[in-house]
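Undergrad: mind folding the following:
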Amino acid sequence: MTSDVAQQYSNASEDDRLSRSPHGRLEFLRTQELIRRVLTAPIRVLDVGGGTGVHAEWLANNGHIVHLIDPVPEHVEMAATLPGVIAELGDARQLPAPADSVDVVLLLGPMYHLTESEERATALNEAVRVLRPGGILIVAAISRYLSALETGTNGSLDVTLADAVREVIATSDYDGHVGFVRTHWHTADELRTEIEAAGLLDVDIYGIEGPAWPTLDHAGQHNFPSLVTAALHCARMLEQDPLLINASAHLLAIARTVH
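TA: Have a look, this model is predicted:
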């Protein structure tokens, strides 16, 4: 993990990332919904890059056996206090778990922080190594179109930002122009290709938030309760639409290892 990533997560509260903005709240609801479609309790879940345990907490509450791995010591300390969650320091590229030992691996953060394709391939291969035959891999990614939709909706897209926005759409290399650290942003097709290259089968890609998320942010937290039901319907309707899937802020891939 690079020093700027460590500083980002040491200085910013990862614990409330999915509640402090309307699109974060929508992301949390939809991520839960998509994961619950494929899980049956109780199973062993390895939550890689799981942060402070935002998803580990509800998974443990649902009866799953959850082992969280994260490279940030502050995150591990917080996650370790959650009932039913085991947490330890670790890296997605070298998992502290034996082969064929878990039913599900979550990679809900590492794929965008691993900016080199070789690093992402290593992380995916590690996930395959620790999954039992027929196990499930669930991977999140940031869409290349996030900043175009965000800045185009909130009024900040101008000539000073236009080149940077075009660059991430063309190359996937995000330079931090709307906050956060340098990261790799995917398209749905690119995410599928990387996962299939690791030998996984039946790869399904979903748009998590759907295209209504920037409007939720523009409307503000106080309007979230009145708008979220329609936004959820929209996200579900278009979650695998090939023309609009990349309009989500985040993508979620669900795949299975060979039996």
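
Undergrad: that's a helix at Pro214, yeah?
TA: Yes. Pro214 forms part of a helix when assessed by DSSP: H, G, I helix; E, B strand; the rest coil.

Undergrad: that one against His23, yeah?
TA: Yes. With contact defined as Cβ atoms under 8 Å, Pro214 reaches His23; the gap is 7.1 Å. C-beta coordinates here come from the backbone N, C-alpha and C atoms, glycine included.

Undergrad: any common contacting residues for those two?
TA: Common neighbours of Pro214 and His23 (criterion: Cβ atoms under 8 Å, 6 or more residues apart in numbering): Ala249.

Undergrad: between those two, which is the more surrounded one?
TA: His23 (25 against 21; other Cβ atoms under 10 Å).

Undergrad: would you mind measuring from the more buried one to Gly220?
TA: Using Cβ to Cβ, to the nearest Å, we find His23 at a distance of 11 Å from Gly220.

Undergrad: for Glu77, same thing?
TA: Taken as Cβ to Cβ, the span from Glu77 to Gly220 is 33 Å.

Undergrad: for the nearest residue to Tyr145 once chain neighbours are set aside, grab phi and psi.
TA: Sequence neighbours aside, Asn246 is the residue nearest to Tyr145 in space, at 5.2 Å (criterion: Cβ to Cβ, 6 or more residues apart in numbering). The phi/psi pair for Asn246 (degrees, to the nearest 10) reads phi -80, psi 0.

Undergrad: my guess is Asn246 contacts Trp185. True?
TA: No. Asn246 lies out of contact with Trp185 (Cβ under 8 Å); the separation is 9.9 Å.

Undergrad: shared neighbours of those two, anything?
TA: Common neighbours of Asn246 and Trp185 (Cβ under 8 Å, 6+ apart) are Ser143, Arg144.

Undergrad: I'd say Ala87 and Glu74 touch.
TA: No. With contacts counted by Cβ under 8 Å, Ala87 stays clear of Glu74, the gap being 11.3 Å.

Undergrad: more neighbours: which of these two?
TA: More crowded of Ala87 and Glu74, by other Cβ under 10 Å: Ala87, with 23 against 16.

Undergrad: tell me the secondary structure at that one.
TA: Following three-state DSSP, we place Ala87 in the strand state.

Undergrad: how about the helices in the chain?
TA: 3-11, 22-36, 54-61, 73-79, 110-113, 117-130, 146-154, 159-171, 188-197, 213-219, 224-237 (DSSP state H).

Undergrad: OK, contacts around Thr187?
TA: Neighbours of Thr187 in contact, by Cβ under 8 Å, 6+ apart: Ser143, Arg144, Ser172, Asn246.

Undergrad: change it to 10 Å
TA: Ala141, Ser143, Arg144, Tyr145, Ile169, Ser172, Thr193, Ile205, Ile245, Asn246, Leu251 (Cβ atoms under 10 Å, 6 or more residues apart in numbering).

Undergrad: any idea how far it is from Glu77?
TA: According to Cβ to Cβ, Thr187 stands 36 Å off from Glu77.

Undergrad: what's the answer for Ile138, then?
TA: Applying Cβ to Cβ, the value for Ile138 to Glu77 is 25 Å.

Undergrad: these two - which one has more neighbours?
TA: A count of neighbours by other Cβ under 10 Å puts Ile138 above the other of Ile138 and Glu77, at 22 against 13.

Undergrad: could you measure from the more buried one over to Val102?
TA: Going from Ile138 to Val102 by Cβ to Cβ gives 12 Å.

Undergrad: also Leu26?
TA: As judged by Cβ to Cβ, Leu26 and Val102 stand 28 Å apart.

Undergrad: likewise Val66?
TA: Per Cβ to Cβ, Val66 is found 10 Å from Val102.
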